[in-house]
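Asks: Build me a model:
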Amino acid sequence: MSASGGSSLARRLVQLYGGLVLYGVSAGLQLRAGLGLAPWDVLNQGVAGRTGLSIGTASILIGVLVLLLWVPLRQRPGLGTVSNVLVIGLALDATLTVVPAPGSLWVRIPLLVFAVALCAVATGLYITPRFGPGPRDGLMTGLHRRTGRSVRLVRTCIEVVVLATGFALGGSVGAGTVLYAVGIGPLSQFFLRAFALPERPERGRAQGPESPGEPRDTAVPVAPSTVTAREVPDLV
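Replies: Numbering: from 1, shown residues only. This is a model prediction of the structure:
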């Protein structure tokens, strides 16, 4: 492996694991804010409350169960997929261990806003290296391919079912849930573009502007391990 290749791999690994840790931290901070959680964390909290497990452990177990649903959908996990299941849950529990719950609403509101913003930063960091989607993202894209329905519709249906189930189990739904639903898409879109890896043209191909009629996904083939600003999906 060349020095530049090793440096690129190191950067991607740092982005992946840094992003996953920050994602778990953001989930822990949103829980400490006590104003409502993201849909999957509502489910994690509900399962944790019913079973006596920590919410991080519940997150890991639910991630494993979701990953099993990939089998009939013929989705293939990657390093990022397995790491997503483990690292986020561990970081979530660690955050809850060291961060106390604030008593004042004037502290909880900024904490909530910061947690949602941090989640978007984390999303941009861990997705752009392309080590494989998280289990929940893979479920969404797998169902999209199988059913032919839009990604937006599939994602909405999954999150409504997850949110309703988590709420029925005692998970916390509130203003934070709404803020997450409204804010995470645009913020994630911004940070996905901000952290996108530089585009690397195919060797031997002439350098020049993309022709107006050329499809954007075929203008410059990109290896599965990279993502460019042009390829960032619309998460809104």
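Asks: tell me, which helix in the protein spans the most residues?
Replies: helix 3-33 (DSSP state H).
Asks: quick one: low-confidence parts of the chain?
Replies: The chain contains residues with pLDDT under 70 at 1-6, 198-236.
Asks: which residues in it form helices?
Replies: 3-33, 39-51, 55-68, 70-73, 79-98, 105-127, 135-147, 151-168, 175-194.
Asks: what's the third one packed up against?
Replies: Yep, that's helix 55-68 we're talking about. Under the contact criterion of 3 or more Cβ pairs under 8 Å, 6 or more residues apart in numbering; DSSP states H and E, helix 55-68 touches helix 3-33, helix 39-51, helix 79-98, helix 135-147. In this view, the C-beta of every residue, glycine as well, is placed from N, C-alpha and C.
Asks: Would you mind finding the most buried of those?
Replies: helix 39-51 (a mean of 22; mean count of other Cβ atoms under 10 Å).
Asks: Determine the number of other residues adjacent to Val116.
Replies: 22 (other Cβ atoms under 10 Å).
Asks: cool, and Phe191?
Replies: Residues near Phe191, counting by other Cβ under 10 Å, number 21.
Asks: mind listing what the spatially closest residue to Leu169 that is not a sequence neighbour touches?
Replies: Of all residues not flanking Leu169 in the chain, Gly46 sits nearest, at 2.8 Å (Cβ to Cβ, 6 or more residues apart in numbering). Shown in contact with Gly46 (Cβ atoms under 8 Å, 6 or more residues apart in numbering): 165-171.
Asks: Those residues into CSV, with extra columns for distance to Val178 and neighbour count?
Replies: Formatted as CSV, those follow (distance: Cβ to Cβ, whole Å; neighbours: other Cβ atoms under 10 Å):
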residue, distance to Val178, neighbour count
Thr165, 18, 15
Gly166, 15, 26
Phe167, 13, 17
Ala168, 19, 11
Leu169, 20, 17
Gly170, 19, 13
Gly171, 15, 27
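Asks: Distance of Leu68 relative to Thr177?
Replies: Distance from Leu68 to Thr177, counting by Cβ to Cβ, to the nearest Å: 27 Å.
Asks: which one of the two has more residues nearby?
Replies: Using other Cβ under 10 Å, the more surrounded residue of Leu68 and Thr177 is Thr177, with 22 against 9.
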